[in-house]
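Student: After the sequence you'll find the predicted model.
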Amino acid sequence: MAIERINPADINTPVGYTHVVKATGGTTVYIAGQVAADASGNVVGAGDLAAQTRQVLTNLQTALAAAGGGFGDVVKMTTFIVNYTPEMRAAYRAVRGEFITGDTPASTLVGVQALAAPDYLIEIEAVAVIDG
């Protein structure tokens, strides 16, 4: 399996993501949107975007491991943040940087009005390509 990350010279230089990710070989894994719920279904970090981001990424890490992969295998992430404002990006990126320390996936961040439950502030879905 090969993953190639490309940032074309004619597009602005991205911070925290890659414009184009090309994956060949391997198995494609689609991970449903993960929210800030623990294994018992309890909301973690009500009202705290950083705490919820940490729980969401922990859940995503667990889902990736269950499929035999990790964050290095993620080729695309979509993040949804409730009532998003640009000032929220720093807290989100800081926590995301604790989990994604190497090559970055193609990514989209979308501000939304609400998620599946009123206490959820963030949801992240991912696509990974994993050897095997």
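Tutor: Noted; the coordinates are in hand. Numbers count the residues shown, from 1 in each chain.
Student: Please enumerate the helices of this structure.
Tutor: For the chain, the helices defined by DSSP state H cover 49-66, 89-99.
Student: Give me whichever of those helices is most buried.
Tutor: Looking across those with neighbours counted as mean count of other CB atoms under 10 Å, the highest average goes to helix 49-66: a mean of 18. All C-beta spots, glycine's among them, are computed from the backbone N, C-alpha and C.
Student: tell me the angle of that helix relative to helix 89-99?
Tutor: For helix 49-66 against helix 89-99, the angle between stretch directions is 30 degrees (axes from the mean of the first three to the mean of the last three CA atoms, to 10 degrees).
Student: Run the chain-centre distance for helix 49-66.
Tutor: Distance of helix 49-66 from the chain centroid (CA atoms, centre = their mean, to the nearest Å) equals 8 Å.
Student: Check which helices and strands that helix sits against.
Tutor: With contacts defined as 3 or more CB pairs under 8 Å, 6 or more residues apart in numbering; DSSP states H and E, helix 49-66 has these neighbours: strand 27-34, helix 89-99, strand 122-130.
Student: Please dump the helices of the chain into a markdown table; it should also carry distance to Val74 and mean pLDDT for every row.
Tutor: As requested, the helices of the chain are arranged in a markdown table below (distance: least, CB to CB, whole Å; pLDDT from 0 to 100):
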| stretch | distance to Val74 | mean pLDDT |
| --- | --- | --- |
| helix 49-66 | 7 | 98 |
| helix 89-99 | 10 | 96 |
